[in-house]
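Participant: with the input below, show me the fold.
(chains A and B)
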Amino acid sequence: MSVYITFTVERLVDEIFIHNLYVEFIIMERHNSYSQVKGVSTGTTILAVTFNGGVIIGSDSRASMGESYVSSKTINKLIQVHDKIFCCIAGSLADAQAVTKMAKFQLSFHSIQMESPPLVKAAASIMRELCYNNKEELQAGFITAGWDRKKGPQIYVVSMGGMLLSQPFTIGGSGSTYIYGYVDAKFKPDMSLEEATQFSTNALALAMGRDNVSGGVVHLVVITEAGAKHIVVPGDKLPKFHDE
Amino acid sequence: MAATLQFPANVSSFNNYNDAVPDWTQREVSTGTTIMAVEFDGGVVMGADSRTTTGAYIANRVTDKLTPIHERIFCCRSGSAADTQAIADAVTYQLGFHSIELDEAPLVQTAASLFKDMCYRYREELMAGIIVAGWDKRRGGQVYTVPVGGMMTRQPVSVGGSGSSYIYGYVDSNYKTGMSKEECLKFTAGALTLAMERDGSSGGVVRLAVISELGVERQVILGNQLQQFSTA
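Facilitator: Predicted coordinates:
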């Protein structure tokens, strides 16, 4: 059974510009799935890793609709919620945008009240409250990473049901299953910036090579005490492995 | 749990958790597993974990999933334990007969074709993912994969089973052509260890087999001897 819906997706937030056109999509019945497809979903690969002095957060750039249409090849899934705090999203794009927009607002308000830059944990807690209290309706998970004066570089994972967990590195999204072995083998605590960049790029390239709903370019944001730097690694500059 | 909802016993779903009836009475025995085979110059290295599960119960924690089909041809089994055992028995018989008729050692490709014929013909009834590997005089070490559905293809390195998803990245990045036998053994053991750490249906010990012109060497790496990777 299939249902056709036509709608317009408008500019929602400044950081993520998706479409400004009429999009038609089909909701397909998936007999093994217990959940309804909720529109545009970022079948994706995201990761975050701490290194000596900072944290790198990275993602692919593909947004897919249904299972075979790539609705965007160059979407940026790394959302800046404050100067040195970024989030990356997996799951339903609409849900993720709504949550991060709300979190960004609450965080800036909190930061003004406290008269100091917010803690990474504060940002992650706001996302967790939103995810946990609306767990029935939402279908999005987040990785929050950043740098603050109190604890330095940190990574927090907010899973779909609203669990909050701090980890030295983490991977997420549909493509992450293929790289669990690789990151388990290759991660070392306290890497240098170069090693960490190579590690992230390799991991994302490997996941994009095996997961058909991840792809495009690699977006990386390096967050240190000095600030946040956005690096894009285009397709032809990605590392190649033995069978390519 | 204060109250249990009764479901009919034949409904199998991950969310039907009924305390009154144990899980293993409702689930099929499955070698949810990690299996792997790598070609090197002169032979093949095959590896598997050793866990067989019936739902959440580990029915056998020291399973041998590397099954001999002929003197220098083995297969790694994943999927339903019953289905794969039955197919392996049938192919062993057919291959033995064929080898006697031919009066020489059978080809690995022949064994793989026999697996493929059976897995494809009965693809609706079966749930079996098999990797066939071995050594023969004509083409040396070869690895053929026959996944669920009944396709057959030769690959220099092949992984299978539920745990294989987690190690695609590791295998893609660490495999190089022209590895020696020792390098292949270390590569296989490392990959299986990583998969066993992430996949709940894989675990136990790592069983390895090296097949070459000289014959078959088998090894077991116990849990406490596995390579340690630093994880979060």
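Participant: now do the contacts for B:Tyr170.
Facilitator: Residues counted as contacts of B:Tyr170 (C-beta atoms under 8 Å, 6 or more residues apart in numbering or on different chains) are A:179, A:181-182, A:184-185, B:190-191, B:194. Any C-beta I mention is one placed from the backbone N, CA and C, and that applies to glycine too.
Participant: ditto for B:Val132
Facilitator: Residues near B:Val132 by C-beta under 8 Å, 6+ apart: B:69, B:73-75, B:108, B:111-112, B:115, B:143-146.
Participant: between these, which is nearest A:Thr45?
Facilitator: B:Thr145 (24.7 Å; C-beta to C-beta).
Participant: residue ranges with poor pLDDT in chain B?
Facilitator: By pLDDT under 70, the low-scoring segments of chain B are B:1-19, B:23-26, B:28, B:30-31, B:231-232.
Participant: what does it have sitting close to chain A?
Facilitator: Contact residues, chain B versus chain A (C-beta under 8 Å from any C-beta of the partner chain): B:15, B:165-173, B:175-177, B:190-191, B:194-195, B:197-198, B:229-232.
Participant: narrow these to those that are buried.
Facilitator: Buried members of the residues of chain B next to chain A, counted by 16 or more other C-beta atoms under 10 Å in any protein chain shown: B:165-173, B:175, B:190-191, B:194-195, B:197-198, B:229.
Participant: what does the strand or helix carrying B:Leu185 rub up against?
Facilitator: For B:Leu185, the host element (DSSP states H and E) is helix B:181-198. Residues outside helix B:181-198 that contact it (C-beta under 8 Å, 6+ apart): A:180-181, A:184-185, B:34, B:36, B:38, B:40, B:42-43, B:45-49, B:159, B:163-164, B:166-167, B:170-171, B:174-175, B:179, B:202-204, B:206, B:208, B:210, B:212, B:219, B:221, B:226-227, B:229, B:231.
Participant: from the residues of chain B next to chain A, which land in helices?
Facilitator: Residues of those located in helices (DSSP state H): B:168-173, B:190-191, B:194-195, B:197-198.
Participant: among those residues, which pair sits farthest apart?
Facilitator: Spatial extent of these (C-beta to C-beta) is set by the pair B:Asp172 and B:Glu197 at 18.4 Å.
Participant: how far off centre is the helix holding B:Leu185?
Facilitator: In this view, helix B:181-198 has its centroid 14 Å away from the chain centroid, taken as C-alpha atoms, centre = their mean, to the nearest Å.
Participant: the next helix or strand after it pairs with which strands?
Facilitator: Counting by DSSP H and E, the element after helix B:181-198 in chain order, helix or strand, is strand B:206-212. Strand B:206-212 has the following strand partners under DSSP bridges: strand B:43-48 (antiparallel), strand B:215-221 (antiparallel).
Participant: chain center to strand B:206-212, what's the gap?
Facilitator: The answer for strand B:206-212 is 12 Å, by C-alpha atoms, centre = their mean.
Participant: contacts for that strand?
Facilitator: The contact list for strand B:206-212, computed with C-beta under 8 Å, 6+ apart, reads B:42-50, B:64-66, B:72-74, B:133-135, B:141, B:181, B:185, B:188-189, B:192-193, B:196, B:216-221, B:226.
Participant: please, a ChimeraX command that selects the buried ones among the residues you listed?
Facilitator: Applied in ChimeraX, the following selects the buried portion of those according to 16+ other C-beta under 10 Å:
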select /B:43,44,45,46,47,48,49,50,65,66,72,73,74,133,134,135,141,181,185,188,189,192,193,196,216,221,226
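Participant: now the longest helix along chain B: buried residues?
Facilitator: If you go by DSSP H, chain B has its longest helix at helix B:81-102. If you call a residue buried by 16+ other C-beta under 10 Å, then helix B:81-102 has these buried ones: B:81, B:83-84, B:87-88, B:91-92, B:94-95, B:99.
Participant: can you check stretch A:142-155 too?
Facilitator: Neighbour-count burial for stretch A:142-155 [16+ other C-beta under 10 Å]: A:142-148, A:152-155.
Participant: and for stretch A:166-179?
Facilitator: A:168-179.
Participant: quote the end-to-end distance of stretch B:71-85.
Facilitator: 18 Å (C-alpha to C-alpha, to the nearest Å).
Participant: same thing with stretch A:56-67?
Facilitator: So stretch A:56-67: terminal residues 29 Å apart, C-alpha to C-alpha.
Participant: about what we covered before: any chance of the contacts of B:Val132 in JSON lines, plus secondary structure?
Facilitator: Output for the contacts of B:Val132, formatted as JSON lines (DSSP: H, G, I helix; E, B strand; the rest coil):
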{"residue": "B:Ile69", "secondary structure": "strand"}
{"residue": "B:Ile73", "secondary structure": "strand"}
{"residue": "B:Phe74", "secondary structure": "strand"}
{"residue": "B:Cys75", "secondary structure": "strand"}
{"residue": "B:Val108", "secondary structure": "helix"}
{"residue": "B:Ala111", "secondary structure": "helix"}
{"residue": "B:Ala112", "secondary structure": "helix"}
{"residue": "B:Phe115", "secondary structure": "helix"}
{"residue": "B:Val143", "secondary structure": "strand"}
{"residue": "B:Tyr144", "secondary structure": "strand"}
{"residue": "B:Thr145", "secondary structure": "strand"}
{"residue": "B:Val146", "secondary structure": "strand"}
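Participant: still on that earlier bit, what is the nearest of the buried residues of helix B:81-102 to chain A?
Facilitator: B:Asp83 (19.8 Å; C-beta to the nearest C-beta).
Participant: re the thing from before, what's the farthest-apart pair in the contacts of B:Tyr170?
Facilitator: A:Ile179 and B:Gly190 (14.8 Å).
Participant: neighbours of residue 138, how many?
Facilitator: Just so you know, I chose chain A. A:Leu138 has 22 neighbours, counted by other C-beta atoms under 10 Å in any protein chain shown.
Participant: wait, I meant chain B there
Facilitator: Applying other C-beta under 10 Å, we find 9 residues neighbouring B:Arg138.
Participant: sheet partners, orientation included, of the strand or helix carrying A:Cys88?
Facilitator: If you go by DSSP H and E, A:Cys88 is part of strand A:85-92. Note on strand A:85-92: by DSSP bridges, its sheet partners are strand A:41-42 (antiparallel), strand A:78-82 (antiparallel), strand A:140-148 (antiparallel).
Participant: between those, which one is closest to A:Val217.
Facilitator: strand A:78-82 (11.9 Å).
Participant: now for residue 158: which residues touch it?
Facilitator: Since you didn't name a chain, this refers to chain A. Here A:Val158 is in contact with A:124, A:127-128, A:131, A:141-144, A:164 (criterion: C-beta under 8 Å, 6+ apart).
Participant: you looked at the wrong chain, it should be chain B
Facilitator: By C-beta under 8 Å, 6+ apart, B:Ser158 lies in contact with B:36-37, B:131, B:143-145.
Participant: if you set the cut-off to 6 Å instead, what comes out?
Facilitator: B:37, B:131, B:143, B:145 (C-beta atoms under 6 Å, 6 or more residues apart in numbering or on different chains).
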